[in-house]
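Undergrad: here is a sequence together with a model predicted from it:
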Amino acid sequence: MEQGVIDLSALGSGFDLQSTLESGQSYLWWREDGEDFDDTTQYGGEAWYLTTARVDGDPAVIRVRQHEGRLEWEATVDAKPILFRRLRLDDDLGSIRATAPDDEVIEQAYDTYWGMRLVNDPPFGSLISFICSAQMRVSRIHGMQQSLREAFGTPVEFDGSTYHAYPTPEQLAEATETQLRDLSLGYRAPYVQRSAELVTEGTPIDVRDLPYEEAREALTEFVGVGDKVADCILLFSLGYNEAVPLDTWIRQTIEEYYPDCERGNYTETSRAIRERLGGEHAGYTQTYLFHFLRNGGGDDLGE
DNA sequence: ACCCAGGGAAAGT
DNA sequence: ACTTTCCATGGG
């Protein structure tokens, strides 16, 4: 087992592992203590989190916790470069926040969860997990990814236990719709199977060579991926900080705080709220808003 | 029983 | 192009 420590005070801006991993951005991590990522979660804990990764195609297991101002990790490989990439430890939160409008609700969101970073999930896991996210609660989306791992992922030994890597496109493409429905994926089952198959046939997930709106359009070629899911993949896996996924929560936020940004269709509303939230890093600000409001923040603001 | 959950595809105008 | 309708499932 390899292990190491990352000194978070050297980052120049804060870091909060729990809000980063439990804010509904990523469904590819889980808590070692088995607690769900739900509304009742207590903040301020120092739980161990696990995920899997691929290094030159080989599955690896990583375990990490935030403790006394440091990020402690244990893994089957050298996890330091993986953690810097997946937890975006090089992001300069101060300059990102500086692009946001200084509305009261946004200030409160940033203050409350300061240190939360966007995640940078592996593209395939991001694609599949957000296909699964349609009309589904956060804790159940997590559960589905765990089920997919255990049913189709390659076993990996780590610290005396057996874990399962996230399935490869080939492994999920070979799954049957019936198998996937048996994992409680519901009507998403054929979407997952077909999209995995499209990946194996060469449809690209990594569309980072395209400008933002073209990239979003390109991702909707996958089955089960519309504008909202495409925005999630762009924001939480491909580094498009300007992407603002228009989900039920942000639509409610627009109605309550930015009603003039509602333009009647996804493309135009997206442009308006993106501009309102500062453009370049609008998705970063949106993620703070989402997490803050979903956990009950802002209830005492306005009315 | 009823409603909702980080929506999207398909069918109908 | 724009607007309903239907889709599975578990938890409140």
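TA: In hand now; what should we look at? Numbering: from 1, shown residues only, chains lettered A, B, ... in the order given.

Undergrad: could you use CA atoms for every contact and neighbour count after this?
TA: OK.

Undergrad: check whether the lowest-mean-pLDDT helix or strand in chain A comes near DNA strand B.
TA: Within chain A, confidence by mean pLDDT, DSSP states H and E is lowest for helix A:248-257 among all helices and strands, at a mean of 94. Yes. Judged by CA under 7 Å from any atom of the strand, helix A:248-257 comes into contact with DNA strand B at A:T248, A:W249, A:I250.

Undergrad: using TSV, lay out these together with neighbour count.
TA: Output for those, formatted as TSV (neighbours: other CA atoms under 10 Å):
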residue	neighbour count
A:T248	10
A:W249	15
A:I250	20
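
Undergrad: what's the closest of those residues to A:S133?
TA: Nearest to A:S133, judged by CA to CA, of these is A:T248 at 12.3 Å.

Undergrad: quick check, the residue in the stretch 151-300 of chain A closest to DNA strand C?
TA: Nearest residue of the stretch 151-300 of chain A to DNA strand C, counting by CA to the nearest atom of the strand: A:G186, 3.4 Å away.

Undergrad: per-residue pLDDT, the closest residue to A:Y163 other than its chain neighbours?
TA: Nearest non-adjacent residue to A:Y163, counting by CA to CA, 6 or more residues apart in numbering: A:V156, 5.1 Å away. What the model reports as pLDDT for A:V156 is 98.

Undergrad: give the rounded mean pLDDT of the helix or strand A:S195 falls within.
TA: Assessed by DSSP states H and E, A:S195 sits inside helix A:189-200. The average pLDDT within helix A:189-200 is 98.

Undergrad: could you say what helices and strands that helix packs with?
TA: helix A:123-132, helix A:169-173, helix A:177-182 (3 or more CA pairs under 8 Å, 6 or more residues apart in numbering; DSSP states H and E).

Undergrad: and the next element down the chain from that helix?
TA: helix A:212-219.

Undergrad: got the angle for the next helix or strand after that following helix vs helix A:212-219?
TA: Proceeding N to C from helix A:212-219, the next assigned helix or strand is helix A:227-236, under DSSP H and E. Helix A:227-236 runs at 120 degrees relative to helix A:212-219, counting by axes from the mean of the first three to the mean of the last three CA atoms, to 10 degrees.
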